[in-house]
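J.: Here you go, sequence then predicted model.
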Amino acid sequence: EETYAKTEIPQMQVGHLEGAFLRLLARMVHAKRILEVGTFTGYSALAMAEALPEDGELITLDNDAESTAMAKQYWAKSPHGKKIKLMLGRALDSIPKIKGPFDLVFLDADKEHYVRYWDEMLPKVRQGGIMVADNTLWSGHALEPIDATDHAIANFNEHVKNDTRVEAVMLTVRDGITVAWKK
């Protein structure tokens with residue numbers, strides 16, 4: 001409710017269905033370490049952190065101090081919040097500083113750089129781990145791209161499809177979720 005009341009683009013928040021799906025994926029791979037690109041107000045991080053064991057870790061990257069301040073308030077109220085570490089700053093600068101392996105990576109920010117994020121993060125995913133990318137249908141614009149973001153998502157989808165390091169499927173949950181299993 002606070003996200004919808006206090007942010008300019010509240011629809012960026014991962015919804016309840018997607019949060020439950022991410023939590024389930026984390027449980028299915030027995031995740032101990034998760035990397036997230038795009039924190040916003042923290043709902044997806046908290047949903048995934050719930051699936052982590054007590055000694056689990058979720059590192060989330062974002063460059064928006066205002067929205068992540070809201071996230072930190074809610075993490076502090078949850079027994080799972082202590083598992084979440086926020087790295088504030090440009091994700092492309094933060095990723096090289098982070099050591100793998102990760103069991104699950106969730107990509108949900110800065111759509112124009114999805115291919116670059118993919119290529120920098122996939123080597124940090126353990127064999128049998130998963131990469132998840134949000135908004136891969138992009139309201140249908142990925143099928144008939146017009147602007148730069150449309151083209152970036154379309155290029156990302158083609159990149160994942162042709163990546164022999166993974167087996168991937170795009171689901172029509174919300175705005176499209178691509179799930180890829182690392183071979």
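T.: Arrived safely, thanks for sending.
J.: State the distance from Gly128 to Asn63.
T.: 31 Å (CB to CB, to the nearest Å). C-beta coordinates here come from the backbone N, C-alpha and C atoms, glycine included.
J.: Looking at the two now, which is surrounded by more residues?
T.: Asn63 (18 against 11; other CB atoms under 10 Å).
J.: Now do the contacts for that one.
T.: Asn63 sits next to 88-91 when contact means CB atoms under 8 Å, 6 or more residues apart in numbering.
J.: can you rerun that using 6 Å?
T.: Contact analysis of Asn63 by CB atoms under 6 Å, 6 or more residues apart in numbering lists 89-90.
J.: If you tally nearby residues, what's the number for the residue nearest to Ile95 when sequence neighbours are not counted?
T.: Using CB to CB, 6 or more residues apart in numbering and skipping residues adjacent in sequence, the residue nearest Ile95 is Glu120, 5.0 Å away. Burial of Glu120 is recorded as 16 neighbouring residues (other CB under 10 Å).
J.: Tell me the confidence at the closest residue to Ala109 other than its chain neighbours?
T.: The shortest distance from Ala109 to any non-neighbouring residue, by CB to CB, 6+ apart, is to Gly38 (2.8 Å). Confidence at Gly38, expressed as pLDDT, is 95.
J.: I'd assumed Leu107 was in contact with Gly38.
T.: No: when contacts are counted by CB atoms under 6 Å, Gly38 is not listed as touching Leu107 (7.1 Å).
J.: before we move on, the earlier item: in what helix or strand does the residue nearest to Ile95 lie?
T.: Using DSSP states H and E, Glu120 falls within helix 114-121.
J.: model confidence over that helix, on average?
T.: Helix 114-121 shows a mean pLDDT of 97.
J.: same question, stretch 142-162
T.: 96.
J.: ok, and what's touching it?
T.: 111-112, 114-115, 136, 138, 141, 168, 178.
J.: Let's see the helix holding Glu120 as CSV, backbone CA atoms only.
T.: This file holds the C-alpha atoms of helix 114-121, laid out as CSV (Å, rounded to 0.1, in the frame of the first residue of the first chain):
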residue,chain,number,x,y,z
TYR,A,114,19.7,-6.6,-19.5
VAL,A,115,22.1,-8.4,-21.9
ARG,A,116,25.1,-6.9,-20.1
TYR,A,117,23.8,-7.9,-16.7
TRP,A,118,23.1,-11.4,-18.0
ASP,A,119,26.6,-11.8,-19.3
GLU,A,120,28.2,-10.5,-16.1
MET,A,121,26.0,-12.4,-13.7
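J.: Against Gly140, how distant is the residue nearest in space to the middle of the chain?
T.: Most central in the chain under CA atoms, centre = their mean is Phe106, positioned 2.5 Å from the mean C-alpha point. Note on Phe106: its distance to Gly140, by CB to CB, is 22 Å.
J.: Brilliant, that's me finished.
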